[in-house]
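S.K.: mind folding the following:
(2 chains)
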Number of protein chains: 2
Amino acid sequence: MPRRFQDILDQNRAQKRFLCVGLDSDVSKLPKGQTQLSFNQAIVEATQDLVAAFKPNSAFYESQGAQGFETLKKTIAFIHAQAPHALVILDAKRADIGNTNKGYAQSAFEDLKADAITLNPYLGGEALQPFLDYKDKGSFILCRTSNEGAKEFQDLRVDSEPLYLKVAKQVSQRWNKNKNCGLVVGATGPEEIKKVRQAAPDIPFLVPGIGAQDGDIKDVFVNAGSNCLINISRSVIFSSNGPDFAQAARKEIEKLNEKLKQLF
Amino acid sequence: MPRRFQDILDQNRAQKRFLCVGLDSDVSKLPKGQTQLSFNQAIVEATQDLVAAFKPNSAFYESQGAQGFETLKKTIAFIHAQAPHALVILDAKRADIGNTNKGYAQSAFEDLKADAITLNPYLGGEALQPFLDYKDKGSFILCRTSNEGAKEFQDLRVDSEPLYLKVAKQVSQRWNKNKNCGLVVGATGPEEIKKVRQAAPDIPFLVPGIGAQDGDIKDVFVNAGSNCLINISRSVIFSSNGPDFAQAARKEIEKLNEKLKQLF
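M.R.: Numbering: from 1, shown residues only, chains lettered A, B, ... in the order given. You can find the predicted model right below:
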């Protein structure tokens, strides 16, 4: 049976696994003696039983040229082999016109074999259709991002509501015909999360901004409900720079899971 | 002296070279016996004296994995060697949060050595700062795209004007401190081009949508003025599928340049 994004997401939710480890494996921050691939493999091995997903961010691999691209592919293959229960979300924030998105979708889903991808909504749903057409693959659309400057356009008011809520409604009501859409909503704005959940009651959220960006994990669940994946990246994968880095990452994740247990 | 995006753009404009060849080198459309690299090299050699820029679209190379990444890098190196007067614009439509954009900017400008890149505005100018900080490199921000579904968000009215005009004004008035910003405005909407030019009088436009997407080259110049690059892709590079493909591309470009001459 083929892997289905929706099934894997549901299974993790049933097991109360909500954490997603962002493999933002910046080469300038790797512990001594590690390559991107060995680092990723160690993090995956040490943490996989505790988490629902891994999310390599494409930028950190592209910056290493063709070799980085190979590392990304091998990292994803390693996750599928070692942790078949875990989703692999390619954090690529892609968007182009329809014709061209076929190339990106093919790269993400067929060559790299990710289970899901992050996408940018600015070009509209018609443009993103080549991604959405992969019924068994997930597409997480940027809705309200966690960066300081997100408000410049995302908070502009359209018909008396912010643009990001328009995005949430379009994705939830129109783009989600294959039940494979999700939304990216930053943990740095609990009020925003609440509004997005009202606008899109039934679709999964991918929530970055916990940890290094200071969002609170309790706030996320209170406002988003349990249909979400909480992403943690730098604060976990780089919590130690020594040879114990993978075990240190595991400890950080255990702490977060303890917090989560108190919420359910 | 280092290559400066602004200088190369000005020099081409002075020489009345306005065309940009989109290297959307879809492997499924290549003439018999050609690889992406040999195809690109032949197109560049046959057309470079007639054009201002080449614009490889990242998706068509990423879809080929690590090898595609190498092809992209070699294509750009070939253009710099054979046609130093031509800008290389990496059509990647990237955008992430600031920290991560450093990786993309490094990839585009330092590893691949593009002169300019296309970017998506949804995350705001603060997020894109790592690109804008490269003073000698150009950043073309998506403003009004040429696809059918562009209107879904880009035309939404904010303070009684469409969102794309907000983007044009922010880029022109706030993001352009290093005089290295441009806007992507699709040729499929002459009315939109006119409004964007009013909102952003002084910055270069990159205009896709001529040819395969049916925009008219005269409409573009009437509305945008001469501070623009007209992109042509599929209608030119795939105008013949035989061994004469490069010369056929040259002929298409000559026809377009004839049209342009009548306008100046």
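
S.K.: where do the helices of the stretch 51-200 of chain A begin and end?
M.R.: Here the stretch 51-200 of chain A has its helices, by DSSP state H, counting those that start in this stretch, at A:58-62, A:65-82, A:98-105, A:125-132, A:151-154, A:163-170, A:190-199.

S.K.: looking at these, which has the lowest confidence?
M.R.: The minimum mean pLDDT among the helices of the stretch 51-200 of chain A belongs to helix A:98-105 (a mean of 90).

S.K.: contact partners of that one?
M.R.: Helix A:98-105 has contacts (CB atoms under 8 Å, 6 or more residues apart in numbering or on different chains) with A:92, A:94-96, A:117, A:126-131, A:133-134, B:24, B:26, B:57, B:59-60, B:62-63, B:147, B:149. From N, CA and C alone the C-beta is placed, and that goes for glycine too.

S.K.: so it versus helix B:65-82, what angle?
M.R.: When axes from the mean of the first three to the mean of the last three CA atoms, to 10 degrees is applied, the directions of helix A:98-105 and helix B:65-82 differ by 120 degrees.

S.K.: how about the helices of the stretch 51-200 of chain A, which one is nearest residue B:140?
M.R.: Across the helices of the stretch 51-200 of chain A, residue B:140 has its closest neighbour in helix A:98-105 (15.3 Å, CB to CB).

S.K.: pull the closest one out as CSV, backbone CA atoms only.
M.R.: The C-alpha atoms that make up helix A:98-105 are tabulated as CSV, following Å, rounded to 0.1, in the frame of the first residue of the first chain:
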residue,chain,number,x,y,z
GLY,A,98,1.2,25.9,-13.0
ASN,A,99,3.4,24.7,-15.8
THR,A,100,6.5,25.1,-13.7
ASN,A,101,5.2,23.8,-10.5
LYS,A,102,5.1,20.4,-12.2
GLY,A,103,8.9,20.4,-12.0
TYR,A,104,8.9,21.3,-8.3
ALA,A,105,6.2,18.8,-7.4
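
S.K.: quick one: it to helix A:125-132, angle?
M.R.: Using the same axes, to 10 degrees: helix A:98-105 against helix A:125-132 is 30 degrees.

S.K.: so how far is helix A:98-105 from its chain's centroid?
M.R.: Centroid separation for helix A:98-105 versus its chain: 20 Å, with CA atoms, centre = their mean, to the nearest Å.

S.K.: which single residue in the stretch 151-264 of chain A comes nearest to chain B?
M.R.: Nearest residue of the stretch 151-264 of chain A to chain B (CB to the nearest CB) works out as residue A:152 at 3.5 Å.

S.K.: now that residue, nearest residue through space, not along the chain?
M.R.: residue B:124 (3.5 Å; CB to CB, 6 or more residues apart in numbering or on different chains).

S.K.: now swap in residue A:169 and tell me
M.R.: residue A:199 is the one closest to residue A:169 (CB to CB, 6+ apart), at 5.1 Å.

S.K.: need the residues of the stretch 101-250 of chain A near chain B, please.
M.R.: By CB under 8 Å from any CB of the partner chain, the residues of the stretch 101-250 of chain A that approach chain B are A:101-104, A:106-107, A:111, A:120-127, A:142, A:145-154, A:156-159, A:163, A:166-167, A:170.

S.K.: ok so, going back, which ones are touching the residue nearest to residue A:169?
M.R.: Residue A:199 sits in contact with A:165, A:168, A:169, A:172, where contact means CB under 8 Å, 6+ apart.

S.K.: using neighbour counts, trim those residues to the buried set.
M.R.: Buried residues within the contacts of residue A:199, defined by neighbour count using 16 or more other CB atoms under 10 Å in any protein chain shown: A:165, A:168, A:172.

S.K.: what pLDDT does the residue nearest to residue A:147 when sequence neighbours are not counted get?
M.R.: Sequence neighbours aside, residue B:97 is the residue nearest to residue A:147 in space, at 4.2 Å (criterion: CB to CB, 6+ apart). If you check residue B:97, the pLDDT there is 92.

S.K.: how many residues are close by residue B:97?
M.R.: 25 (other CB atoms under 10 Å in any protein chain shown).

S.K.: same check, this time on residue A:110
M.R.: Neighbour tally, residue A:110, other CB under 10 Å: 13.

S.K.: with residue A:25 instead?
M.R.: Per other CB under 10 Å, the neighbour tally for residue A:25 reads 26.

S.K.: can you check residue A:48 too?
M.R.: By other CB under 10 Å, neighbour count at residue A:48 equals 18.

S.K.: how much space between it and residue B:15?
M.R.: Computed as CB to CB, to the nearest Å, the residue A:48 to residue B:15 distance reads 58 Å.

S.K.: so what's the residue lying closest to residue A:218 once chain neighbours are set aside scoring on pLDDT?
M.R.: Using CB to CB, 6+ apart and skipping residues adjacent in sequence, the residue nearest residue A:218 is residue A:263, 6.3 Å away. At residue A:263, the model reports a pLDDT of 83.

S.K.: doesn't residue A:263 belong to a strand?
M.R.: No: assessed with DSSP: H, G, I helix; E, B strand; the rest coil, residue A:263 is coil; it does not lie in a strand.
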